[in-house]
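1. just need the structure, nothing else, for what follows:
(one chain, ligands or ions: 2)
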Amino acid sequence: MKKQTLFILFLSLSFFSFAQKQKPSQPKLVVGIVVDQMRYDYLYKYWEKYGDGGFRKLLNKGFNCKNTTLDYIPAVTAAGHAAIYTGAPPGVNGIISNDWYVRKAGRRGNCVLDTSETPAFFSPCNMLTTTITDELRLSDNLKSRVIGIALKERAAILPAGHLANGCYWLDQKTNKWVSGKYYMKEVPKWVNDFNAQQYVSKYLSKPWTTLLPIEQYTESIADDNEFEGLQPGETKPVFPHNLPAISKGDTAAALRLTPFANTLTKDFAKEAIVQEKLGMGGVCDFITISFSSTDLIGHLYAPQSVEVEDTYLRLDKDLENLINFLEKNIGKNNFLLFLTADHGAALNPSYMTSKNIPAGYVHSAVIKDSLQNFLVNVYGKGDWVADVYTDQVYLNHEQIETKRLNIYNIQRQVADYMTRLTGVQTAFTTYMLTNSSYESGAGHLAQRGYNPQRSGDVIIIQEPGWLENAKKTGTNHGGVYSYDQHVPLLWYGWNIKNGSSVEDVSVTDIAPTIAAMLNISFPNGCTGKPIPALFK
Ligand code: ZN
Ligand code: ZN
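-> Ligands and ions are numbered 1, 2, ... in the order given. Below is the predicted model of the structure:
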């Protein structure tokens, strides 16, 4: 009896010391999914129409961080993708918007366009910090592999980081999945083979009809309404959308406005996993997938539309297909998946006012003209305003210096003037954002989004429900309120238990959470923290 006990003790001790020497394991594959413009409420709004294997599986078997916000402005695609993968807000990672006014160049520049050579080329050159995908590559001397995929270049490039093995987006001129010279001389054979299948033309050869009988779309308003935009050649914003007629000559652009572009993205991602043998090389690999059509469809039709509902029902099927594929090919508990969004979106302002809820539109061009007139009246002739874009005012610094005026005084006057405009709630100047510390509210969000080298002189904050939009139909996003800020964050798979939490989470907490799970370094500009609920 005694001998047996000792023997068992010896066995367990030797096992214990053996176990301690084992490096903590990592999943075979991390799958990062960003659904462009997905509002948090879409998880539950369409619940009864989702299947068991898509969103509902992630919620029923995974972990739901129910109170996840961006925690910075602007709430736009590039800033969202960069913040998620760098764990840093725009002020630190440098991706302050999709494009911004570049003072040296005297014009707007695209966040992922490198203009240091002619012709310019796509790269993550403007992202000032590492991503979680970079840190994975750096952690094992570049053995882990990273591939980024999305319709939009910025949504593929920023998540994939500076060290990606592959990065692909759908070129609208050629209808092909392409990469760029930053990543490779030419795309691998499997990409050419995939492109040769002509999926874009195939998807556009049939009309877009609703997945379910249209009378079942009771979560959305009537299909024919005045709040939705029109596709080229259409006279009403209604199903069926005649894709062969809409798409003539301009195919990939037309496909982007359908849920089938998400299906194509998913199928291309699956092909990348198979062909590149991701998750099958004995190290932890990482694939970033961004579904961009949800954003383009959302802009045209807005969240209350049948089109948006149908897009999410079809995305749910794509997710089910992708999860089943991962479970079969990588193994049920061998991959770590997270799903989030880069921003939400407002309901259509005209729809809101039709229900007596305050809302409206502001227009940058109108603001620019009226501000220019105001400054001419105060300071005399001259081009005082360089640009007004995505809620930022860029003043003409040369003009102000030539006239030997105090820039801070003018910024203050401009901010005061802004708050007199309809639909503007408040405005922050550079001086305010660099000389005070805002713990919460719009000031906190503006401060986290503020980068001294790249941001404007004055940041405009709209009133709730008001948005920057040239048209009265569809929607937009970018601001400080919950409809733009509150996004889903679901975790599923490797080491993820079932549950939910209402703790405050910022999207900048996603990258350090993955770093803590994988036992690798946080991205180098990271300000986020691992989410405690996932480690309990
Ligand atoms: Zn977006
Ligand atoms: Zn958008």
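
2. hmm, who's touching stretch 424-432?
-> Here stretch 424-432 makes contact (Cβ atoms under 8 Å, 6 or more residues apart in numbering) with 362, 408, 411-412, 414-416, 418-419, 442-443, 446-447, 450, 452, 455, 457-464, 466. Any C-beta I mention is one placed from the backbone N, CA and C, and that applies to glycine too.

3. ugh, wrong one, stretch 486-493
-> Counting by Cβ under 8 Å, 6+ apart, 27, 31, 35, 38-40, 42-43, 55, 57-59, 61-65, 67-70, 323, 326, 332-344, 505, 507, 510, 534 sit against stretch 486-493.

4. buried ones among those residues?
-> With burial judged by 16 or more other Cβ atoms under 10 Å, the buried subset of the contacts of stretch 486-493 is 27, 31, 35, 38-40, 42-43, 55, 57-59, 62-65, 68-70, 323, 326, 334-344, 505, 507, 510, 534.

5. which ones among those are found in strands?
-> Taking DSSP state E, the ones among these that sit in strands are 31, 35, 63-65, 68-69, 335-340, 505.

6. which of those sits closest to ligand 1?
-> Ligand 1 lies nearest to residue 35 out of these, by Cβ to the ion, at 9.2 Å.

7. so what pLDDT did the residue of the chain found nearest ligand 1 get?
-> Using Cβ to the ion, residue 77 is the residue of the chain that sits closest to ligand 1, at 3.1 Å. In the predicted model, residue 77 carries a pLDDT score of 98.

8. surely residue 199 is in contact with residue 271?
-> No. Counting by Cβ atoms under 8 Å, residue 271 is not a contact partner of residue 199; they are 10.7 Å apart.

9. looking at these two, which one has more neighbours?
-> residue 199 (20 against 17; other Cβ atoms under 10 Å).

10. could you check what's spatially nearest to that one, not counting adjacent residues?
-> Leaving aside its sequence neighbours, residue 199 sits nearest to residue 264 (Cβ to Cβ, 6 or more residues apart in numbering; 5.4 Å).

11. the one you found: what secondary structure?
-> Following DSSP: H, G, I helix; E, B strand; the rest coil, the label given to residue 264 is helix.

12. for it, the count of nearby residues, please.
-> 24.

13. in this structure it contacts residue 201, no?
-> No. Between residue 264 and residue 201 there is no contact under Cβ under 8 Å: 11.4 Å.

14. tell me the helices in the stretch 301-450 of the chain, going along the chain?
-> 306-329, 349-354, 364-379, 397-402, 407-418, 430-435, 441-449 (DSSP state H, counting those that start in this stretch).

15. backbone phi and psi for the residue most central in space within the chain, please?
-> In the chain, the residue lying closest to the centroid (Cα atoms, centre = their mean) is residue 342, at 2.7 Å. With angles defined as degrees, to the nearest 10, residue 342 sits at phi -80, psi -10.

16. report pLDDT for it.
-> 98.

17. so who does it touch?
-> 34, 36-37, 75-77, 79-81, 84, 155, 290, 487.

18. and residue 221, what is it in contact with?
-> Applying Cβ under 8 Å, 6+ apart, we find residue 221 in contact with 227, 304-306, 351.

19. now do residue 172
-> 252-253, 256.

20. now those residues in CSV, with distance to ligand 1?
-> Formatted as CSV, these follow (distance: Cβ to the ion, whole Å):
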residue, distance to ligand 1
252, 18
253, 17
256, 13
